Structures are given as structure tokens and as C-alpha cells.
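Enquirer: Generate a structure from the sequence data that follows.
(one chain, ligands or ions: 1)
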Amino acid sequence: MALEQATGADKKQQDMLRASGEIPKHIAIIMDGNGRWAKRRGLPRIAGHHEGVNSVRDIVEACGQLGVKYLTLYAFSTENWRRPVDEVSMLMRLLLKALRDERDRLHENEVQLKAIGDISSLPNDIQDELLDASELMKHNTGLTLILALSYSGRWDLTRAMKRIAEDVRNGTLTKDQINEEVISQYLSTKDFSDPDLMIRTSGENRISNFLLWQLAYSEIAISHVHWPDFRRKQLYESIAEFQQRERRFGMTSEQIQDTQGVPVSSGPLSGVERFFKSVAKL
Ligand code: FPP
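Expert: Okay, here's the model as predicted:
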């Protein structure tokens with residue numbers, strides 16, 4: 001099965017984005033603003049979540065076409081269990097429906113599906129669907145879509161610490177062997193690289209207990225549109241913003257330029273300008 005490629009003006013924009021700099025290997029998204037999107041239209045909150053699924057579909061497809069390797073979506077946080085029971089149960093039903101409806105399309109597009117979080121706390125039918133879908137897609141070679149469900153960064157770190165303590169106690173690990181790489185291996189994200197870019201929609205400037213360890217060096221792009229309005233155009237803008245950043249990982253700008261062999265301000269910036277011009281023409 002092959003990935004459905006972009007066409008027309010969209011393909012042009014994707015080509016421009018690839019030419020203007022690096023495409024982030026891992027993008028993580030806090031999908032925020034579904035409720036506000038609905039409220040603004042005088043609709044129930046669930047209408048925002050419904051429309052949010054259409055954004056998920058568009059962003060997954062665009063990321064696959066661009067060659068993004070990992071896309072992590074914060075779909076339901078540990079804290080979201082505190083929402084009104086009706087909203088939680090509607091969200092669970094919507095998630096189940098979306099998994100069932102999208103499964104074949106995802107598979108045809110070479111997507112691998114993974115879930116991180118306290119999956120055992122989810123309704124059984126969702127757990128079954130996640131297991132079946134990830135089994136079906138396990139040999140796919142395209143985008144890895146990681147759904148963070150009943151997830152929080154503190155939950156992930158607490159679980160890792162417990163498991164490390166257990167392994168020290170049973171002798172498979174010594175205290176001196178514990179370092180950053182080892183800790184990363186005890187997190188639910190051990191099979192994925194850390195996010196290069198974290199996008200949050202709806203204009204909030206918070207991490208909200210997302211990937212606390214993994215976001216240490218991620219670039220953060222805040223989009224002011226609500227998640228149901230966040231489509232590939234806004235994704236391309238966030239990636240173009242990422243391409244303009246200089247990722248220093250604690251080093252100096254000069255050190256980064258030495259390792260890259262080119263001044264950071266040349267190359268990508270002119271590409272980004274070209275990209276924005278092309279978007280403006282559409
Ligand atoms: C945040 O908006 C959104 C959520 C808590 C749920 C996100 C779920 C989906 C988009 C649907 C299912 C997802 C998948 C992966 C198929 P909010 O309700 O916090 O909005 P508000 O801040 O405006 O109230």
C-alpha cells in the first residue's frame with residue numbers, strides 16, 4: 001500500500017517547506033480549544049471535539065506526506081478524567097468511533113499506530129481497538145502516530161521511577177548505571193526520539209503535564225487558532241517557524257555554526273521567506 005501524495009498547490013507548499021529547511025522528525029501537539037471553538041458558534045462542547053477529529057485526519061495525512069517520522073497527539077490527559085462524566089463518556093465514544101472509522105485509511109497510508117498512557121484505565125472496547133489497530137499496522141513504514149491517552153508527564157515519570165526502583169531492587173540495574181539514556185528507556189516513549197517541535201493550539205503558553213522529560217529541548221510553537229480550525233496550512237506555518245529557530249542544545253550560536261559548517265542565518269531563512277510568500281499568493 002502506498003501513501004496518498006499531496007497534489008496541486010498543497011504539494012507545492014510541501015515542496016517549498018522541504019526546500020526551506022529541516023522537517024521535524026517528531027512533532028508533538030497539545031490539541032486545545034475544542035470547547036471554545038464550539039462555544040463561539042453556540043454549539044455544545046462535543047461539536048468542537050467532533051470537528052477536532054477532522055483536524056486530526058488532516059494533520060496526520062499532511063505529516064505523513066511531509067515525511068515526519070513521529071506525531072504525538074495529546075488526545076486525553078490524566079486530568080481530563082475530572083471533566084463532567086457526560087463529556088468524558090462522549091469523548092470516549094468519539095475516540096472509539098474515530099479509531100474504527102480511520103483504521104483502514106491509516107493502514108492504507110502506511111501509518112503505524114501506538115498509544116502511550118495508562119491504557120488500562122480506558123474502556124475495554126477502546127483498549128481492544130487500539131490493540132487490534134496497532135497489530136494490523138505494525139509493519140507499516142510511514143508515519144508513527146502516537147496517541148497520548150490517559151497520559152501525563154508526571155504519570156510517565158512516576159511509573160518510570162517505580163520500575164527503576166524495582167529493577168535496582170531485583171539486581172538488573174545498579175544505582176550507578178542510572179543516567180539520562182537509561183531513564184529515557186523506562187519512559188513510555190522509549191521507542192521514539194524526543195519531539196523536535198511541540199505545537200499548542202488556542203494560544204495558551206503551557207505544557208500542561210504533557211511530555212515533561214521529552215520536551216527538554218523541543219522548540220515550542222503556539223498557534224492562536226483553536227484545534228478544530230488547525231489544519232495543514234497552520235501546520236506548515238508552525239514548521240516554517242521551527243525552521244527559523246536556532247536549536248542550540250545549551251551550546252553557543254558559534255558552536256552550532258561550526259558543527260553545521262554554515263552560518264545559521266543564511267539558507268533556511270531565505271527559504272522561509274519564499275514559503276511565506278507562496279502561502280500569501282494562495
Ligand atoms: C482540548 O480541547 C481537546 C481535548 C481534551 C480532546 C481532544 C480530542 C479530540 C480532538 C478527538 C479525538 C482524538 C483523536 C486522536 C481521534 P478543550 O476541550 O480543552 O477545549 P477548551 O480549552 O476550549 O475548553
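Enquirer: Please make it C-alpha for all contacts and neighbour counts, starting now.
Expert: OK.
Enquirer: How many neighbouring residues does Leu94 have?
Expert: Leu94: 16 surrounding residues under other CA atoms under 10 Å.
Enquirer: Helix or strand for it, just tell me which one.
Expert: Leu94 belongs to helix 85-108 when assigned by DSSP states H and E.
Enquirer: same for that helix, what does it pack against?
Expert: helix 45-66, helix 124-136 (3 or more CA pairs under 8 Å, 6 or more residues apart in numbering; DSSP states H and E).
Enquirer: Of these, flag the one that's most buried.
Expert: Counting by mean count of other CA atoms under 10 Å, helix 45-66 has the highest mean neighbour count of these, with a mean of 20.
Enquirer: Identify the residues contacting Asp196.
Expert: By CA atoms under 8 Å, 6 or more residues apart in numbering, the contact set of Asp196 is Pro24, Lys25, His26, Ile27, Leu215, Tyr217, Ser218, Glu219.
Enquirer: what pLDDT does it get?
Expert: Looking at Asp196, its pLDDT is 98.
Enquirer: out of everything not next to it in sequence, what's closest to it?
Expert: Closest residue to Asp196 apart from its sequence neighbours, by CA to CA, 6 or more residues apart in numbering: Ser218 at 4.7 Å.
Enquirer: I'd guessed that neighbour sits against Pro195; true?
Expert: Yes: using CA atoms under 8 Å, Ser218 is in contact with Pro195, at 5.8 Å.
Enquirer: neighbour count winner among those two?
Expert: Taking other CA under 10 Å, Ser218 and Pro195 do not tie; Pro195 has more neighbours (23 against 19).
Enquirer: And what about that one, helix, strand or coil?
Expert: Following DSSP: H, G, I helix; E, B strand; the rest coil, the label given to Pro195 is coil.
Enquirer: Just the strands from the protein, written as ranges.
Expert: Along the chain, counting by DSSP state E, strands occupy 26-30, 70-77, 112-116, 144-151, 197-200, 219-222.
Enquirer: circling back to that earlier point, contacting residues for the residue nearest to Asp196?
Expert: Listed by CA under 8 Å, 6+ apart, the contact set of Ser218 reads Asp194, Pro195, Asp196, Leu197, Met198.
Enquirer: these two touch, right, the last one and Ala221?
Expert: Yes: using CA under 8 Å, Met198 is in contact with Ala221, at 6.2 Å.
Enquirer: how about the nearest residue to Leu106, chain neighbours excluded?
Expert: Gln112 (7.8 Å).
Enquirer: hmm, back to that, between Met198 and Ala221, tell me which one has more neighbours.
Expert: Met198 (27 against 20).
Enquirer: Who is that one paired with across the strands?
Expert: Ala28, Ile220 (DSSP bridges).
Enquirer: quick one: contacts for it?
Expert: Counted by CA under 8 Å, 6+ apart, Met198 has contacts Ile27, Ala28, Ile29, Ile30, Leu215, Ser218, Glu219, Ile220, Ala221.
Enquirer: would you list the residues you listed in CSV and tack on distance to the ligand and pLDDT?
Expert: Formatted as CSV, the contacts of Met198 follow (distance: CA to the nearest ligand atom, whole Å; pLDDT from 0 to 100):
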residue, distance to the ligand, pLDDT
Ile27, 14, 98
Ala28, 12, 99
Ile29, 10, 99
Ile30, 8, 98
Leu215, 19, 98
Ser218, 21, 97
Glu219, 21, 97
Ile220, 18, 98
Ala221, 17, 98
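Enquirer: So which of these wins on neighbours?
Expert: Compared across the contacts of Met198, Ala28 has the highest neighbour count, 26 neighbours, by other CA under 10 Å.
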